[in-house]
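**Student:** Next comes the sequence, and after it the predicted model I'd like to discuss.
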Amino acid sequence: MRQAPISIDDSALVEQWQRGDGAAMERLILKYQNRIYNVILKICADVDDAAELTQETFVKVIENIGKFERRSSFYTWVFRIAVNLSLNYCQRRARIRFSSLDSADDGRTDEAKVTLAELLADARSPEPAKIAEDRELCELVVGAIMRLDENQRAVLVLRDIEGMNYAEISKVLDVELGTVKSRISRARSNLREILEASL
Amino acid sequence: MNPMEESNIDELLNSYLDGELNARQQVEVQRLAAHDTQIARRLADLEKCKVLVSSLPPSEAPAEMLEQIKSTLEKQTLLGQRGGTVESRAGARHLFVRKLVAAAAMLGLVALLAGVVYSILSGQGTDRPVAEVIWDGPVGDYTLEEAAGRGSAGEGRSPAVSAFDGRVVLRAVDFVAVDAFVNNAIDENVQFKYIVEKEPGSKSTYALSCSREDLNRILAELEAVWSRCDSAVFLLRTGLFTEQVEIRGIRPGQIARLLNEDMADGRIRLAKDLAVLNGLDALLPGREVLALFEPAQVDLITIPKPVLTSGEKTAKTSVDQSAGAADAHLTIVVEAKE
């Protein structure tokens, strides 16, 4: 599981930032930039666009920090902005994204597919380290994630990549807890089907 | 297992994998998986999916991210300030010009209305050719006296006193009812009439030559049917330079006002003013122009109808038996509107 948010530190830094402390702003950006970028990249699957969207997220955060009333944590607020920007981007670029994925699929080797087939057939749980090392297998998985519906993709990324709990996902996406549960369930079920179909 | 149950089980298993269940629920899921191979297999499949996704290597943001953010903000601040200044100046200019144009337009409209109203109330029109003039033929050498001569020649009137000569075209969807009403109004109020043409169901033309009093009575009666007409266009035949003045949206009261204007030039000016007034009224929403200036001006003569005391129908008299002089000529055309 990924690192958990440290809300107490965030709260203090946000307060300093709102009082005009530029160093606090920089610390918060540095703290979250990789995580935000990682989530955005897994949602939009384009390195350049992910960098741009990350930048846009922080610019929005900076522009609106004065209005941030701390009703939610800074962590969920900043991810909410990032995910909203990413989902809007996905809706705008849907056609381009699918065409690029289709072309990327052609380059994958049979070796990765074999590995994936073995993984899915094996009764044992796969080893995360081995998966992470297999670049082509990772591409296959990312390709499958990209074929999910945007909302399902977002919950899956927030849960399994960012490591948010259901309550945090519910706040970030502004949906009911039950909706998060059902989306995660459908997302994993669909992902399994997509992976099997890709073999 | 039906799809609903399957979905609920999946949600439960996923919640278990994600650590969203309390201790008791976790034990229940473990028991369930231990006793049901299908559920155990499903749990394993879902766990693989979770591991596959969560094992993806994290990507790091470009090293220069913070600098890029700062740079973007600086650019936005600079552009925003400049842009804001330019936009606000341009906006202020635009607003000022719009206000100026609106004020000028309002002043022009007020001046025009004031002129029209003044000329109507004072009976002194302007010389401006404000109304639409329809040329009805080649320009002749008619004089005012000649133009006014129709219907009044040899009647001992002053040469400046003009006979009234006009034509009103009423178009109505409910042609039959309107035509019947008009026919009846003429029958009851004028002592002599000419029906020039009747095309059943589509058009009726009534050419009236009667006294002003008779025509006033007809107009008073027609007031009741006017609202059922879809359009009413009046043409004042002046005879002067063969011009005709067209007034759209004419009302019976306006025709009466023209009728009661003795002087030919005054009638023409009044007709032109009414044409402008009606035109403005049609253009402005709510048609409040006439409502503001006209209500008190309708001077239709209302003469109580004679009450028949016997069962005998009043016989129509010929024009020769008419007491008043036939110095009012009005052609009423009723047409069916498609």
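**Tutor:** Now that the structure is in, tell me what you want to look at. All values derive from a computational prediction rather than experimental measurement. Numbers count the residues shown, from 1 in each chain, chains lettered A, B, ... in the order given.

**Student:** show me where chain A has helices.
**Tutor:** A:7-18, A:22-44, A:47-64, A:74-106, A:110-121, A:128-133, A:135-146, A:150-156, A:166-173, A:177-198 (DSSP state H).

**Student:** I'd like those written out as CSV, with distance to residue B:115, mean pLDDT and mean neighbour count added.
**Tutor:** For glycine as for every other residue, the C-beta is placed from the backbone atoms N, C-alpha and C. As requested, those are arranged in CSV below (distance: least, CB to CB, whole Å; pLDDT from 0 to 100; neighbours: other CB atoms under 10 Å in any protein chain shown):
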stretch, distance to residue B:115, mean pLDDT, mean neighbour count
helix A:7-18, 64, 82, 16
helix A:22-44, 67, 93, 21
helix A:47-64, 57, 94, 19
helix A:74-106, 58, 75, 16
helix A:110-121, 88, 84, 15
helix A:128-133, 88, 86, 14
helix A:135-146, 73, 91, 20
helix A:150-156, 66, 94, 22
helix A:166-173, 67, 95, 21
helix A:177-198, 69, 94, 19
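
**Student:** Secondary structure element for residue B:329, which one?
**Tutor:** Using DSSP states H and E, residue B:329 sits within strand B:328-336.

**Student:** My error: substitute residue B:236 in the last question.
**Tutor:** Secondary structure (DSSP H and E) places residue B:236 in strand B:231-237.

**Student:** what's the angle from that strand to strand B:328-336?
**Tutor:** 150 degrees (axes from the mean of the first three to the mean of the last three CA atoms, to 10 degrees).

**Student:** Summarise which helices and strands the following helix or strand past strand B:231-237 is packed against.
**Tutor:** Later in the chain than strand B:231-237, the nearest helix or strand by DSSP H and E is strand B:243-248. In terms of contacts (3 or more CB pairs under 8 Å, 6 or more residues apart in numbering or on different chains; DSSP states H and E), strand B:243-248 is packed against strand B:133-135, strand B:231-237, helix B:264-283.

**Student:** buried residues in the longest one?
**Tutor:** Okay, so that is helix B:264-283. B:264-281 (16 or more other CB atoms under 10 Å in any protein chain shown).

**Student:** Same check on the second one?
**Tutor:** By 16+ other CB under 10 Å, the buried positions in strand B:231-237 come out as B:232-237.

**Student:** can you list the residues that contact that strand?
**Tutor:** B:134, B:165-171, B:226, B:244-251, B:254-255, B:258, B:267-268, B:271, B:337 (CB atoms under 8 Å, 6 or more residues apart in numbering or on different chains).

**Student:** ok, back up a step: I'd like the helices of chain A written out as a markdown table, with distance to chain B added.
**Tutor:** Shown next, in a markdown table, are the helices of chain A (distance: least, CB to the nearest CB, whole Å):
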| stretch | distance to chain B |
| --- | --- |
| helix A:7-18 | 14 |
| helix A:22-44 | 4 |
| helix A:47-64 | 5 |
| helix A:74-106 | 11 |
| helix A:110-121 | 6 |
| helix A:128-133 | 4 |
| helix A:135-146 | 5 |
| helix A:150-156 | 6 |
| helix A:166-173 | 5 |
| helix A:177-198 | 4 |
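
**Student:** Around residue B:224, how many other residues sit close by?
**Tutor:** Residue B:224: 11 surrounding residues under other CB atoms under 10 Å in any protein chain shown.

**Student:** Contacts only, for it.
**Tutor:** Contacts of residue B:224 by CB under 8 Å, 6+ apart are residue B:181.

**Student:** how about 10 Å then?
**Tutor:** Residues in contact with residue B:224 (CB atoms under 10 Å, 6 or more residues apart in numbering or on different chains) are B:181, B:185, B:252.

**Student:** I figured residue B:58 hits residue A:37, correct?
**Tutor:** Yes: contact criterion CB atoms under 10 Å: residue B:58 and residue A:37 qualify, at 9.2 Å.

**Student:** re earlier: just the buried residues of the contacts of strand B:231-237.
**Tutor:** By 16+ other CB under 10 Å, the contacts of strand B:231-237 give B:165-171, B:226, B:244-247, B:249-251, B:254-255, B:258, B:267-268, B:271 as buried.

**Student:** Just say helix, strand or coil for residue B:166.
**Tutor:** strand (DSSP: H, G, I helix; E, B strand; the rest coil).

**Student:** hang on, the earlier thing: okay, the helices and strands packed on strand B:243-248 in JSON lines with mean pLDDT next?
**Tutor:** Putting these into JSON lines (pLDDT from 0 to 100) gives the following:
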{"stretch": "strand B:133-135", "mean pLDDT": "33"}
{"stretch": "strand B:231-237", "mean pLDDT": "89"}
{"stretch": "helix B:264-283", "mean pLDDT": "82"}
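
**Student:** Would you tell me which of the ones you listed gets closest to residue A:196?
**Tutor:** helix B:264-283 (71.4 Å; CB to CB).

**Student:** got the angle between that closest one and strand B:243-248?
**Tutor:** 30 degrees.

**Student:** which strands and helices sit next to helix B:264-283?
**Tutor:** helix B:65-122, strand B:133-135, helix B:144-148, strand B:164-172, strand B:231-237, strand B:243-248, helix B:252-259, helix B:288-293 (3 or more CB pairs under 10 Å, 6 or more residues apart in numbering or on different chains; DSSP states H and E).

**Student:** Can you get me the start-to-end distance on stretch B:204-221?
**Tutor:** For stretch B:204-221, the first-to-last residue distance is 18 Å (CA to CA, to the nearest Å).

**Student:** Look up the closest residue to residue A:66, ignoring the ones flanking it.
**Tutor:** Leaving aside its sequence neighbours, residue A:66 sits nearest to residue A:18 (CB to CB, 6 or more residues apart in numbering or on different chains; 6.6 Å).

**Student:** Also residue A:10?
**Tutor:** residue A:74 (4.2 Å).

**Student:** can you check residue B:62 too?
**Tutor:** According to CB to CB, 6+ apart, the nearest residue to residue B:62 is residue A:51 (5.3 Å).

**Student:** ok, the one you found touching residue B:61?
**Tutor:** Yes: between residue A:51 and residue B:61 there is a contact under CB under 10 Å: 6.8 Å.

**Student:** which residues do these two both contact?
**Tutor:** Common contacts of residue A:51 and residue B:61, defined by CB under 10 Å, 6+ apart, comprise A:33, A:37, A:40-41, B:68.

**Student:** For those, which two are the farthest from each other?
**Tutor:** For the shared contacts of residue A:51 and residue B:61, and using CB to CB, no pair is farther apart than A:41 and B:68, which are 15.9 Å apart.

**Student:** which ones are touching residue B:21?
**Tutor:** B:12-13, B:15, B:27-29.

**Student:** Also residue A:180?
**Tutor:** Here residue A:180 is in contact with A:155, A:158-159, A:164-173, B:18, B:20 (criterion: CB under 10 Å, 6+ apart).

**Student:** on that earlier part again, out of the contacts of residue B:21, which end up buried?
**Tutor:** Judged by 16+ other CB under 10 Å, buried ones among the contacts of residue B:21: B:12-13, B:15, B:29.

**Student:** For chain A, state which of the residues you listed is nearest.
**Tutor:** residue B:15 (6.3 Å; CB to the nearest CB).

**Student:** Next one: residue B:269 relative to residue A:61, how far apart?
**Tutor:** 73 Å (CB to CB, to the nearest Å).

**Student:** now residue B:280
**Tutor:** Counting by CB to CB, the gap between residue B:280 and residue A:61 amounts to 58 Å.

**Student:** would you turn the contacts of residue B:21 into CSV with secondary structure, pLDDT and distance to chain A?
**Tutor:** Putting the contacts of residue B:21 into CSV (DSSP: H, G, I helix; E, B strand; the rest coil; pLDDT from 0 to 100; distance: CB to the nearest CB, whole Å) gives the following:
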residue, secondary structure, pLDDT, distance to chain A
B:12, helix, 94, 9
B:13, helix, 95, 8
B:15, helix, 96, 6
B:27, helix, 95, 20
B:28, helix, 93, 17
B:29, helix, 94, 14
